[in-house]
Structure formats: structure tokens, C-alpha cells
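A.B. asks: My questions concern the predicted model and sequence given below.
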Amino acid sequence: MALASNPREALLSALSDLDENGFKIFKFHLRDKTLLEGQTLARGELEGLSRVDLASRLILMYGAQEAVKVVRKVLMVMNFLELADQLSHICLNDYREIYQEHVRGLEEQQEEGVHRGYNQLLLVAKPGSASSMLEQELDSVTVEALFDSEEKPDQDPPTVVLQGSAGAGKTTLARKMVLDWATGTLYPGRFDYVFYVSCKEVVLLPEGTLDQLLIWCCGDNKAPVAEIRRQPERLLFILDGYDELQRSKTVRLRRCGPSRTEDMLRCLIRREVLPTCSLLITTRPLALRNLQSLLKQPCHVHVLGFSNEERENYLNSYFTDEEQAKKAIDFVRGNEVLYKACQVPGICWVVCSWLKEQMERGREVSETPSNGTDIFMAYVSTFLPPSDKEGCSDLTRDQVLSGLCSLAAEGIQHQRFLFEEADLKKHSLDGPSLAAFLSSHDYQEGLDIKKYYSFRHISFQEFFHAMSYLVKENRCRLGAGSLREVKRLLDKEQEGDELTLTIQFLLDISKKESFLNFELMFQFKIPPSIKQDLKTLKEQMNSIKHNRTWDLEFSLYESKMKDMVKAVQMNTTVIKMERSNEKKTESRSLVCVKASLSDEKKEEKKSPAVDEGDTAGTQKKASNGKGRGKKN
């Protein structure tokens, strides 16, 4: 059969390849209602039809795409496997267009989707862990070249680990890559399918099988999974948030260890299934040790957040009111801690949201944050309900704070990041009224739509986890769980281990000035025994070497930003790379790449899209597929 560019041509070409006897047998099978499960042609209608006439008749009855499937099914019964296999590629290519439209539609439905407005991110590549980034020479990387197999055709299929601190922009970049592929501007001709898999959401799969994963990604129970799997080298899986791969809530799975879905994803990562597919895995550094044991020769790409220029662009675009924008920018520029922190997109969103809420309430911003934890404290205290005395909320300030803390702690303890409405009720929380802290997600389960919640970002869940040690009733010590966590960190001998955000938050709160801020903001007196525990924790942590992710990123920005590449436009196929013309010092220079997340034409003064995986935007919703939800 000659190569065909569309279903009509492929259908006619397949029929033309049949000899006269084969064509008669083919028409005989078209009368089989059991085989075709639908409309059939009577014997009298088939007699005298030429190949062209039959092709036209089938297209009229079924439509071009379904007609190809009908012909392929008959050819399979006739054992004309080569012809049937060639038609399968036509079916697959045709379905690819359907899937691309599905991806574009999902993003367009999002109120804050990645198609609305974007800011550039800084990327550097180094085949190794993030722990010694300051001492290592970092190589430039382009998004377009991540999966370029032409340079080394004999190498193993590529695995890219996209790593960065909480809120650095990993999820936004991952979703932008999928959208750009679906619009034909990224990897044209390289991949037939690019699948985005949220490790936080994938626990909702009804079955932990690869076929179910493909159906879930396509949002279509009738997706041609057999044809999709036929050429794994033409597939790219983006596994987003490996560190948020959560455990199932069921008792059986909790007792037996990893769920079937976890096992299936790890088989994919270990190349035990679809060994020639390409993989991109996003994660925070804390999960690298576990992930590294599953990988073979991965390429590590570090997401460092905003450049100085993009930080300014984000601040300007977030505030639609010019007076508010000026006040906010002046305030951020006047505070060195805030200005540095806003290089991390997630923290920049927290800062902007906090400042905007304060200004809209007519309040003067008096807080002067001294670290990232102070920023989160300011945000949380601003968006909590009024105090009991003001009595403007069904849930009091203390009830909401206590409920969020206990929900976060339970989730961290059991590695869970999605919660049912029953979970919220258990902790006396009302999801719809807590949009500043929780995002809601609707998922299709059979004929029903079920609502789930997650914290706006993993950093919020860990912040409330840290606070749970301070606000939980009748707790006079930090608790066995936190002490075990501290002991685990102290027992680590290898340098470069990352502190969890929970421990980082606790260390910051242990500072004297933070104690005072905490008690003032949340109207809660920390018992002297807990203060002593935090002081002991700080002394213990100061005795070991460790990395604090945000501090590491800020240090990189401050010491080596000047040598970074000026721009790489991700939304075009043109890549621009420049080195600084400044005189080099004896120390190694840092070369970096900007992956543009910007439309070529931005709307002036439009609030930027913020993806929940990196900050606090609306999370990607699923639609139509079994076990996957549809955005209302």
C-alpha cells in the first residue's frame, strides 16, 4: 500500500491492493453484523460496487476515520496483517489530532492556564545532583534539544530529570511543553504523543495499569492504546511532581506498601515497560535519592526560577491597578529579602497575593519579612478568617488554623496530597470558603463527579505541617513524629541532603524575632517547653552540614546571574544563546538558558497565569476519561 496522507486515501489504497478474489472475500465479510457491530451492507448493495464506489459508500456510512477502522478490522480477519498494520498508522495519526485538540481544550478551560500569560524561567543542565551546584560548572540547555537523538543515535532513550525547589516553576514549564507540542511548535515530527502525568493526581486511576494510564491521559475510554503503544520510541511521558507521588488511602494499600499505580510508574521509569520511550520527570531535590536508584544515565536540568528582568515583569503584570503596582514594586524593592525571594515564582505569587489583599483592605503593610517563613506567615495571617471577637465567619480563626494544621500533618505523615470532602469535614474545614489555602478539583468517577481538594501548593501543606507542632491542643513538646524526622536528618552522613520544608520552617520560627511575629500574627502563645525544643532543634541542625533549597537558589542568583544566557524563546523554534562579554574571573563561569513561557504578544497589565503545581493557580482538570474529571 502506498503511503497515504489522510484516511480517505489510505482506505482507497488498501482496497486497491486487494486482488479480485480478495476483494470478493472482503465484501463478504462486510455483511457480517457480528463482526462489524453496527451498520452493514446487504448482498444486493455490495454486488457490482467497484473499489472506489465501496470506499465512498463506507465513508458515507461510517465517516472517514471509522471507515478506516472497519476496513482494518476486516483485513485482520482475512489475515492481511501487513495491510492492516499500515492502516493502523493512519488511525493513530488521525487520533493524534484528536488528542492534541483535547490537550489544547484542557488548557483553554483553565482560568489560569499556561496559555494565558507566561514569564521566562532560567534553566541549567548538569549530569548530577543539585547538591554541589555552586562548585560545579553548569552547561547550557535548550528545551528543544532535551530529546534530540540525532547527535548520539546509539545512546539509550533519554531520561531528563527537571529538578528545582518548591515553586521554582517546574510544573508550569512541564505543562507549557505539552501545550507547545499540541500546537505544533515543540518537537514537530519527533513525538507522536506527549503525555502529562500529575503524580499527585495519578492515585485516582481506577486501575494501576499502563493502558489505564494512557486512557486517563487521553480522557477517552476508547483511546486506541494498542496502536499508541506500538511505537514507544515516538512517545514522551512527562511525570510531574515525583516527590508528590502519594500513597493510596485504602487500608490494604497502606499495609502492603506502594500501590499498583506507584509500581507501574516505577516500572516505566526503570524501563521495564515501553523501554524506548522518552521520559521527563520533575521533582524537588529531596526526592532525588529515591529517584536516582531507578534511573540510568539521566540528564539533570535545574529550574532556577525568574531572572531579574522577569521578576520585574511579573510584579508589573500581577497588579492590574497602576497605583497598587507602584506601591507593591516599591515595597518589594525596598526589602532585600522580598526582592530575593521573588526570584522564586511560587514565593513571588505569595508576596503579590499578600500585598494585593492588604491594599484592597485599605491596610498599610507594616511587616518586614526577614526570611521565606515570615512571608508565608504574613500570607496565612492575612487570609485567615477574622478573630473570634470580630465574628464574621462561620468558622473561627482558631478553628480554621487548627484544621488546616491537622489536615496538613495527616497528609504529610501518610504521603497524601489530595483530600476528599470527608477528610475536610473530619478536620472541621469548609473547602469552598478556604480558596486562599485549598484548591478544588472535580473528577469523573463513573457517572458521578467527585470533588477533591489539595493545598494550593506543597509549600503551604508543609508550612501548616510545621505549624501543627506549635498550635495543636494539649501538645507540650514537638512530638515523636518531628523528633524522628530530626533524628533521620542528623543520622545522614552524606553531604548535600536537602532539608524538608517543614524543618526549614521550624528552624526559621525558632529565631527570637520570628517567635514574636508568630505570636502576634496568630494570637497564640507558644509554650516555653516548645520554645526550648525549637532552640534544641536549631542547635542540632547547626551542628551538621545541610542545604536549604531557597538559600541555595538565592546564592546562585547573587553570585552568578551576570553570566547567564540572555534569552531562549520557548514558544518559537529559534534558540538564542549568548555569553556575557564581561571579563572572566578565575572561577568557573555559569552558563544558563532561559526557557520562555511568554506569548509573543502579551496583554498589557494582565494578571499572569499561575500554575498550581508551582504556585497557587488552578490545577489541570481531566475530562471525559474514566477516573479523570471534567472542569465545570
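C.D. replies: All right, it came through fine.
A.B. asks: Does the biggest helix by length in the chain pack against any helices or strands, and if so which?
C.D. replies: Criterion DSSP state H: the longest helix present in the chain is helix 81-109. Secondary-structure packing of helix 81-109 (3 or more Cβ pairs under 8 Å, 6 or more residues apart in numbering; DSSP states H and E): helix 7-16, helix 64-77, helix 170-182, strand 193-198, helix 225-229. Placement of C-beta: from N, CA and C, glycine included.
A.B. asks: Redo those as TSV? Include mean neighbour count and mean pLDDT.
C.D. replies: What follows is those, written out as TSV (neighbours: other Cβ atoms under 10 Å; pLDDT from 0 to 100):
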stretch	mean neighbour count	mean pLDDT
helix 7-16	21	83
helix 64-77	20	83
helix 170-182	26	91
strand 193-198	22	95
helix 225-229	17	87
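A.B. asks: would a markdown table of those with distance to Pro285 be doable?
C.D. replies: Shown next, in a markdown table, are the helices and strands packed on helix 81-109 (distance: least, Cβ to Cβ, whole Å):
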| stretch | distance to Pro285 |
| --- | --- |
| helix 7-16 | 48 |
| helix 64-77 | 46 |
| helix 170-182 | 11 |
| strand 193-198 | 19 |
| helix 225-229 | 33 |
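A.B. asks: Following the chain onward from the longest helix of the chain, which element is next?
C.D. replies: The first helix or strand that comes after helix 81-109 along the chain, using DSSP states H and E, is strand 121-125.
A.B. asks: export the next helix or strand after that next one as PDB, just CAs?
C.D. replies: Scanning forward in sequence from strand 121-125 by DSSP H and E, the next helix or strand is strand 159-163. Extracted C-alpha coordinates of strand 159-163, given in PDB (Å, rounded to 0.1, in the frame of the first residue of the first chain):
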ATOM      1  CA  THR A 159      15.500  10.500  30.600                       C
ATOM      2  CA  VAL A 160      15.500  14.100  31.800                       C
ATOM      3  CA  VAL A 161      15.100  15.000  35.500                       C
ATOM      4  CA  LEU A 162      13.800  18.500  35.800                       C
ATOM      5  CA  GLN A 163      14.600  19.500  39.400                       C
END
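A.B. asks: Next, count neighbours for the residue lying closest to Asp430 once chain neighbours are set aside.
C.D. replies: For Asp430, the nearest residue in space outside its immediate sequence neighbours is Leu395; the separation is 6.2 Å by Cβ to Cβ, 6 or more residues apart in numbering. Counted with other Cβ atoms under 10 Å, residues neighbouring Leu395 total 16.
A.B. asks: Over to Leu395. Which of the three states is it?
C.D. replies: coil (DSSP: H, G, I helix; E, B strand; the rest coil).
A.B. asks: and it, what does it touch?
C.D. replies: Contacts for Leu395 (Cβ atoms under 8 Å, 6 or more residues apart in numbering) come out as Pro385, Gly403, Ser428, Leu429, Asp430, Ser433.
A.B. asks: What about the residues you listed, which one has the most neighbours?
C.D. replies: Leu429 (23 neighbours).
A.B. asks: What strand or helix carries the nearest residue to that one once chain neighbours are set aside?
C.D. replies: Closest residue in space to Leu429, ignoring its immediate chain neighbours: Gly403 at 4.3 Å, by Cβ to Cβ, 6+ apart. Using DSSP H and E, the element containing Gly403 is helix 397-413.
A.B. asks: For that helix, name the packing helices and strands.
C.D. replies: helix 421-426, helix 458-471.
A.B. asks: now the strands for the stretch 201-350 of the chain?
C.D. replies: Shown for the stretch 201-350 of the chain, the strands assigned by DSSP state E, counting those that start in this stretch span residues 235-240, 278-283, 299-305.
A.B. asks: closest one to His29 among the ones you listed?
C.D. replies: Ranking these by proximity to His29 (Cβ to Cβ) places strand 235-240 first, at 32.7 Å.
A.B. asks: from what I can see Pro224 touches Arg96, true?
C.D. replies: No: counting by Cβ atoms under 8 Å, Arg96 is not a contact partner of Pro224; they are 10.0 Å apart.
A.B. asks: returning to that earlier point: with Ser428 as the reference, measure out to the residue nearest to Leu429.
C.D. replies: If you measure Gly403 against Ser428 using Cβ to Cβ, to the nearest Å, the figure is 5 Å.
A.B. asks: and Ala287, what is it in contact with?
C.D. replies: Tyr242, Asp243.
A.B. asks: ok, the nearest residue to Leu295 once chain neighbours are set aside - contacts?
C.D. replies: Using Cβ to Cβ, 6+ apart and skipping residues adjacent in sequence, the residue nearest Leu295 is Thr159, 5.7 Å away. Thr159 sits next to Ile269, Ser278, Leu279, Leu280, Ile281, Leu295, Lys296, Gln297, Pro298, Cys299 when contact means Cβ under 8 Å, 6+ apart.
A.B. asks: Just the helices from the stretch 251-400 of the chain, written as ranges.
C.D. replies: 251-256, 260-269, 288-292, 308-318, 322-333, 336-341, 345-360, 372-383, 397-413 (DSSP state H, counting those that start in this stretch).
A.B. asks: Same list (these) but as JSON lines, adding distance to Phe419 and mean pLDDT.
C.D. replies: As requested, these are exported to JSON lines (distance: least, Cβ to Cβ, whole Å; pLDDT from 0 to 100):
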{"stretch": "helix 251-256", "distance to Phe419": "15", "mean pLDDT": "37"}
{"stretch": "helix 260-269", "distance to Phe419": "18", "mean pLDDT": "90"}
{"stretch": "helix 288-292", "distance to Phe419": "24", "mean pLDDT": "86"}
{"stretch": "helix 308-318", "distance to Phe419": "28", "mean pLDDT": "89"}
{"stretch": "helix 322-333", "distance to Phe419": "32", "mean pLDDT": "91"}
{"stretch": "helix 336-341", "distance to Phe419": "28", "mean pLDDT": "90"}
{"stretch": "helix 345-360", "distance to Phe419": "20", "mean pLDDT": "94"}
{"stretch": "helix 372-383", "distance to Phe419": "18", "mean pLDDT": "93"}
{"stretch": "helix 397-413", "distance to Phe419": "7", "mean pLDDT": "90"}
